[in-house]
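Asker: below are the sequence and a predicted model for it; my questions follow.
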Amino acid sequence: MKIKNKLLSIFCERTAARPFSFLLSPFCLLPFCLLAQSSPQIANHIPQTAIVILHTNDTHSHLESYNDPNFGNVGGVVRRHTFIQEMRRQYPNTIIVDAGDFSQGTPYFNLFKGFPEIELMNKMGYDVVVLGNHEFDNGSKALAKRLKKANFKIICANYQFKNKKLARLVKPYTIINVDGKKIGFFGLLRDMQQVIMPNHYQEVTFLDPIAAAQKMVDILKNKEQCDLIICLSHLGFRAEYEGDIADKDIAEKVPGIDFIIGGHSHLLLEEPVVVGDTKILQVWKNGAFVGKLMINGLDD
Ligand SMILES: [Zn+2]
């Protein structure tokens, strides 16, 4: 399936998690952003049957709102939840995803070991999540214990896990059926050798992300006949160390991925970065923004 050959409109919006003031954000000036709350006329062009993918990354245990020097008071799961509920009410075909590192970053994680993050993501109605490196901060055993509580799908296609419970909980890919369409998601996670404790690294085996991505596209496209293929990536937008494989490399070397919803780099991509037929998205960190991808006219 090639998006460019289809009558398909894609709108991407980054919405600061400040429901009553985000229209003042500079991002509402972006060409993809003239939607919904900012313009009722344009909102009318987006039918309620549009598939909406709301995405976060690197929320880093920021459960409460906080003051950011550039954006003011932002974030917090209450705001995010309110926004998600409103979007789901307007657009019933809404899917919520996260691109990893929902753990670590505030005392909540140190005190409560990551359980509130999972519970709150359940409450917010997350559908699919890829693991980030910080999910492993307390080791594989602790992670498996937490993930057992998750009501959402957990994906990662380029790791083998020695911990049997973790290996059972994490799948390489998942498919969400929405409005008669099959949306295939697969997950990629960066090489964690340099970023987690050596004793935790013994519990995991890193596999080549390019080979893993190619395998996933083959399965999702040919076997599963998905209408849309989305990679949730915690590789990072660009290479951090020599030999790193990043989102741009995946987009360049593995054709057939429609979107890479990325994390780890804490980048606010004001417009999707287009590499070949793939569009790469990422929305900064700490839950300050929620990315909104609206797909309309995804026909056979
Ligand atoms: Zn990370």
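Answerer: All right, it came through fine.
Asker: not counting its neighbours along the chain, what's nearest residue 205?
Answerer: Take residue 205 and drop its neighbours on the chain: the residue closest to it by CB to CB, 6 or more residues apart in numbering is residue 160, 4.2 Å away. All C-beta atoms are positioned from the backbone trio N, CA, C, and that covers glycine.
Asker: just residue 176 next, same as before
Answerer: residue 183 (4.8 Å).
Asker: doesn't the one you found fall inside a strand?
Answerer: Yes: counting by DSSP: H, G, I helix; E, B strand; the rest coil, residue 183 is located in a strand.
Asker: partner strands of whatever helix or strand the residue nearest to residue 205 lives in and their direction?
Answerer: According to DSSP states H and E, residue 160 maps onto strand 159-161. When pairing is defined by DSSP bridges, strand 159-161 lines up against strand 204-206 (antiparallel).
Asker: contact residues of this protein facing the ion?
Answerer: By CB under 5 Å from the ion, the residues of the chain that approach the ion are 101, 132, 133, 264.
Asker: let me know the pLDDT of the second one.
Answerer: Read that as residue 132. Turning to residue 132, the model gives it a pLDDT of 98.
Asker: that one contacts residue 101, doesn't it?
Answerer: Yes: here residue 132 reaches residue 101: they are 3.3 Å apart, a contact under CB atoms under 8 Å.
Asker: now for these two: what residues contact both?
Answerer: Common neighbours of residue 132 and residue 101, counting by CB atoms under 8 Å, 6 or more residues apart in numbering, are 57, 58, 234, 263, 264.
Asker: spatially, which two of those residues are the most separated?
Answerer: 58 and 234 (8.7 Å; CB to CB).
Asker: what's the closest of the shared contacts of residue 132 and residue 101 to residue 256?
Answerer: residue 234 (20.2 Å).
Asker: so what touches the strand or helix carrying residue 52?
Answerer: Using DSSP H and E, residue 52 maps to strand 51-56. The contact list for strand 51-56 (CB under 8 Å, 6+ apart) reads 80, 83-84, 87, 91, 93-99, 102, 178-179, 181, 183, 228, 230, 259, 261, 281, 283, 287, 289-296, 298.
Asker: coming back round to it: save the shared contacts of residue 132 and residue 101 as JSON lines, and put in secondary structure and neighbour count too.
Answerer: Below are these laid out as JSON lines (DSSP: H, G, I helix; E, B strand; the rest coil; neighbours: other CB atoms under 10 Å):
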{"residue": "57", "secondary structure": "coil", "neighbour count": "31"}
{"residue": "58", "secondary structure": "coil", "neighbour count": "28"}
{"residue": "234", "secondary structure": "strand", "neighbour count": "28"}
{"residue": "263", "secondary structure": "coil", "neighbour count": "33"}
{"residue": "264", "secondary structure": "coil", "neighbour count": "26"}
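Asker: most neighbours among the residues of the chain next to the ion, which one is it?
Answerer: The residue in those with the most neighbours, by other CB atoms under 10 Å, is residue 132 (28 neighbours).
Asker: send the alpha carbons of the top helix by length along the chain over as CSV?
Answerer: Selection of the longest helix in the chain by residue count, based on DSSP state H, yields helix 77-90. C-alpha atoms of helix 77-90 as CSV (Å, rounded to 0.1, in the frame of the first residue of the first chain):
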residue,chain,number,x,y,z
VAL,A,77,-2.2,13.3,33.4
VAL,A,78,-5.4,15.1,34.3
ARG,A,79,-5.0,17.5,31.4
ARG,A,80,-3.9,14.7,29.1
HIS,A,81,-6.9,12.5,30.1
THR,A,82,-9.3,15.4,29.6
PHE,A,83,-7.9,16.0,26.1
ILE,A,84,-8.0,12.3,25.2
GLN,A,85,-11.6,12.0,26.3
GLU,A,86,-12.6,15.1,24.3
MET,A,87,-10.9,13.7,21.2
ARG,A,88,-12.5,10.3,21.7
ARG,A,89,-15.9,12.0,22.0
GLN,A,90,-15.4,13.9,18.7
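Asker: find the nearest non-adjacent residue to whatever residue of the chain ends up closest to the ion, please.
Answerer: Nearest to the ion in the chain, going by CB to the ion, is residue 264, at a distance of 3.7 Å. Leaving out its chain neighbours, the residue that sits closest to residue 264 by CB to CB, 6+ apart is residue 236, at 4.1 Å.
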